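J.: Coordinates only, no sequence provided:
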Ligand SMILES: Nc1nc2c(c(=O)[nH]1)N[C@H]1C(S)=C(S)[C@@H](COP(=O)(O)OP(=O)(O)OC[C@H]3O[C@@H](n4cnc5c(=O)[nH]c(N)nc54)[C@H](O)[C@@H]3O)O[C@H]1N2
Ligand SMILES: Nc1nc2c(c(=O)[nH]1)N[C@H]1C(S)=C(S)[C@@H](COP(=O)(O)OP(=O)(O)OC[C@H]3O[C@@H](n4cnc5c(=O)[nH]c(N)nc54)[C@H](O)[C@@H]3O)O[C@H]1N2
Ligand code: SF4
Ligand SMILES: [Mo]
């Protein structure tokens with residue numbers, strides 16, 4: 001039961017049944033607020049047992065009430081005037097949007113206004129954001145932060161299996177696996193409440209292999225750590241594949257009946273040389289063999305990839321090679337056998353299914369496919385010819401902003417100035433915009449640059465569905481009223497659409513009424529939600545998609561007898577030994593890789609506002625091997641300057657013998673002079689347009705006060 005309020009003698013108690021706003025596990029929890037007249041409220045957080053988290057919460061979940069209930073929430077619309085934000089009414093905000101967007105579109109064309117979404121939005125808001133862009137704005141430019149997150153794994157899953165659902169199995173299958181490969185995933189810090197699934201598997205005899213250029217909480221749990229050179233995962237997988245082939249550890253029946261492309265893959269692998277792969281990857285042949293034999297000989301096995309493998313300029317192909325491993329050994333579609341792309345954001349899964357991607361319509365339909373266009377246009381009550389064509393990916397939108405092809409931008413649920421690669425260039429572009437609107441619940445670095453800020457509700461107030469990393473759709477109920485004048489994302493979109501004269505397509509009165517339309521729009525698509533209703537979600541502990549009918553149980557394990565391609569077969573392909581697009585040089589001699597720490601979330605807008613979380617990690621740092629540090633004369637705990645060809649940042653030096661000597665690591669959670677994306681590389685993967693966040697070339701030097709002053713003065 002949600003929202004029980006008891007009140008007596010100046011004491012009041014509010015019980016909020018909710019789920020954590022952060023990562024893709026979507027742990028359920030209960031927050032209890034107790035108020036006593038004249039005193040500050042006291043909060044207690046209890047985990048709620050549910051199928052994914054099994055009643056666990058990590059430190060971020062435990063403290064997620066802090067940012068949502070801080071005094072720093074945005075409470076009313078604000079317009080920038082003479083460099084300062086001033087409070088305005090919603091009516092004034094909407095009139096301004098109408099005036100500005102209409103003028104820009106009148107002068108420069110429909111596509112001069114773009115939309116940028118996020119994977120924290122509920123399914124309903126993400127769905128509506130796509131519809132809003134295509135119908136209310138009639139612009140082709142929409143994309144979202146998930147491009148930086150899930151795009152490599154999503155394209156690989158779609159191409160290899162015909163479907164992209166993060167985990168092909170339920171989490172409960174993990175403990176049935178006898179060998180587990182964790183490639184570029186740091187579950188211990190990024191999905192901490194999932195760790196017991198892996199430790200249980202280990203207790204039951206599973207052999208765990210972790211692939212990461214650093215030692216982490218996750219690699220420490222593993223039996224074997226392959227300390228790969230950043231960006232060389234595709235080659236490492238080639239090495240493992242070659243061993244499997246040479247040793248005859250392939251499932252011939254499966255390969256023949258359920259896959260295609262084996263002959264080409266085999267011919268390619270026969271050409272490869274293991275010693276050369278060891279040299280390229282920095283992983284000795286002996287360890288490559290050990291990993292391949294363990295996986296190949298195990299009766300069941302699961303492979304997981306995350307951003308370490310995927311955020312590369314060959315991320316799509318790197319994931320394809322891990323899928324080759326899965327397919328060659330037939331380890332999929334069975335209890336304890338499968339693949340998982342460990343989705344990142346709270347609604348990283350649902351957010352990539354319902355149309356906030358440049359090339360996509362709801363239900364994972366494609367905007368370039370005539371049949372898909374006709375189907376969705378019919379649900380929306382428009383002519384298919386009115387639907388714009390496909391736009392471009394997130395970073396490419398920033399390039400269009402910089403070129404001033406996009407002149408007005410609407411951002412909902414992202415902080416692109418900190419999360420895009422080559423952030424100096426992105427900031428320069430955003431400053432050129434004629435009109436930037438940001439809908440957020442907190443003042444982000446991007447909101448600071450906006451002409452107009454719209455206050456949005458947070459997870460405690462905003463009802464809606466989110467799809468967790470397993471592909472399980474969950475209902476998050478609302479627990480308290482919106483603070484100040486904040487509105488739900490979907491409400492904001494409906495009201496702007498009304499103002500733009502498109503109200504008849506946006507006559508929604510609740511999240512549920514949007515979900516009802518989403519069910520229809522996704523019906524028959526790959527991500528089919530038709531059989532899911534709020535009623536079902538209230539009664540069941542979430543429902544897995546695809547769920548094509550109300551009496552369908554939802555698909556817990558995928559690909560048991562067939563893959564989602566028309567011929568039912570999965571596709572294997574040869575993958576070359578790619579090198580990262582940027583290599584180290586005499587000027588920039590070290591690899592930089594980036595990632596996360598336990599206590600902070602993404603660009604830190606939320607977690608830096610939580611006093612308990614901020615206290616644990618107050619600033620950014622650079623992890624460096626002590627031997628490398630000595631070479632570059634940088635001291636432990638001192639500030640250092642880190643440069644690439646694109647920019648400079650200043651961070652605290654942290655000695656660690658857990659990292660490769662040729663690599664340094666900086667987390668992504670801080671902005672301004674500690675924003676690591678000022679130095680990351682904007683080069684994109686040719687297929688999925690993912691930037692290579694995980695490798696670029698840098699130099700490190702001791703912090704010199706003159707350099708910092710010069711830098712800050714710029
Ligand atoms: N605490 C916390 N949890 C989070 C988030 C957060 O910001 N903070 N964000 C959420 C989101 S949106 C996401 S996408 C996920 C991300 O989850 P992960 O992908 O697990 O997180 P990262 O730290 O980005 O990268 C994982 C690991 O990849 C390693 N790595 C770096 N380069 C390479 C490489 O070339 N090859 C290999 N094999 N590994 C490499 C890093 O050292 C790191 O340990 O986490 C989610 N959960
Ligand atoms: N160097 C480097 N860069 C990276 C990565 C990396 O590993 N390395 N990882 C990439 C990945 S995987 C991701 S997912 C991106 C994420 O990058 P961003 O999209 O910038 O992610 P957040 O920091 O979560 O920003 C979300 C913003 O939306 C707001 N918000 C949260 N929930 C809601 C909501 O429901 N409604 C509205 N209107 N606003 C909301 C938050 O307050 C915050 O300001 O960063 C990418 N950038
Ligand atoms: S951050 Fe992820 S693992 Fe931690 S409580 Fe929230 S949903 Fe659960
Ligand atoms: Mo992500």
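T.: All right, it came through fine. Computed from a predicted model, the values in this text were never measured in an experiment. Ligands and ions are numbered 1, 2, ... in the order given.

J.: Stretch 112-125 and ligand 2, are they touching?
T.: Yes. Judged by Cβ under 6 Å from any ligand atom, stretch 112-125 comes into contact with ligand 2 at 118, 119, 120, 121. Every C-beta, even on glycine, is put in place using the N, C-alpha and C of the backbone.

J.: neighbours around the closest residue to residue 694 other than its chain neighbours, how many?
T.: In this structure, residue 694 finds its nearest non-sequential neighbour in residue 311, 4.5 Å apart by Cβ to Cβ, 6 or more residues apart in numbering. Residues lying near residue 311 (other Cβ atoms under 10 Å) number 27.

J.: picking up where we left off before, for the residues of stretch 112-125 next to ligand 2, pick the one with the most neighbours.
T.: Among the residues of stretch 112-125 next to ligand 2, residue 121 has the most neighbours (other Cβ under 10 Å), with 31 neighbours.

J.: host element of that one?
T.: Using DSSP states H and E, residue 121 sits in no helix or strand.

J.: list the contacts for it?
T.: Residues near residue 121 by Cβ atoms under 8 Å, 6 or more residues apart in numbering: 129, 347, 351, 356, 412, 413, 489.

J.: one more time with 10 Å, if that's ok
T.: Residues near residue 121 by Cβ atoms under 10 Å, 6 or more residues apart in numbering: 127-129, 144-145, 345-347, 350-351, 354, 356, 412-414, 439, 456, 462, 464, 466, 489-490.

J.: Same question for residue 328.
T.: 240-241, 244-245, 249-252, 254-255, 259, 262, 265-266, 269, 296, 572.

J.: Quick check: residues of the stretch 1-150 of the chain near ligand 2?
T.: 118, 119, 120, 121, 145, 148, 149.

J.: Tell me how many other residues crowd residue 470.
T.: Quick note: residue 470 (other Cβ under 10 Å) scores 26 neighbours.

J.: How about the contacts made by it?
T.: Per Cβ under 10 Å, 6+ apart, neighbours of residue 470: 24-26, 51-52, 165-173, 340, 343, 349, 542, 544, 556.

J.: Okay, and residue 623 sits in which element?
T.: Assigning secondary structure by DSSP H and E places residue 623 in strand 621-624.

J.: how far is whichever helix or strand comes after that strand from where the chain is centred?
T.: Counting by DSSP H and E, the next helix or strand C-terminal to strand 621-624 is helix 626-631. The gap between where helix 626-631 is centred and where its chain is centred comes out at 33 Å by Cα atoms, centre = their mean, to the nearest Å.

J.: which helices and strands sit right next to helix 626-631?
T.: Where contact means 3 or more Cβ pairs under 10 Å, 6 or more residues apart in numbering; DSSP states H and E, helix 626-631 is packed against strand 621-624, strand 647-655, strand 663-667, strand 696-702.

J.: one step back: is it possible to get a markdown table of the residues of stretch 112-125 next to ligand 2 that adds pLDDT?
T.: Putting these into a markdown table (pLDDT from 0 to 100) gives the following:
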| residue | pLDDT |
| --- | --- |
| 118 | 98 |
| 119 | 98 |
| 120 | 98 |
| 121 | 98 |
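
J.: all strands for the stretch 301-450 of the chain, in order.
T.: 301-305, 338-341, 360-361, 365-366, 408-412, 435-440 (DSSP state E, counting those that start in this stretch).

J.: those helices in the stretch 451-600 of the chain, which residues are they?
T.: 489-499, 511-522, 534-539 (DSSP state H, counting those that start in this stretch).

J.: same for the second one, what does it pack against?
T.: Counting contacts by 3+ Cβ pairs under 10 Å, 6+ apart, helix 511-522 packs against helix 123-131, helix 370-380, strand 464-467, strand 472-476, helix 489-499, helix 534-539.

J.: Of all the residues in it, which ones are buried?
T.: 511, 512, 514, 515, 517, 518, 519, 520, 521, 522 (16 or more other Cβ atoms under 10 Å).

J.: tell me the pLDDT at the fifth one?
T.: Put plainly, it is residue 517. Looking at residue 517, its pLDDT stands at 98.

J.: my read: it touches residue 362, true?
T.: Yes. Proximity of residue 517 to residue 362 meets the contact threshold set by Cβ atoms under 10 Å, at 8.9 Å.

J.: what is in contact with these two at once?
T.: 127, 131, 379, 380.

J.: where's the third one relative to ligand 2, distance?
T.: According to Cβ to the nearest ligand atom, to the nearest Å, residue 379 stands 24 Å off from ligand 2.

J.: That residue: what's it in contact with?
T.: 131, 361, 362, 363, 517, 518, 519, 520, 521, 522, 523 are the contacts of residue 379 under Cβ under 10 Å, 6+ apart.
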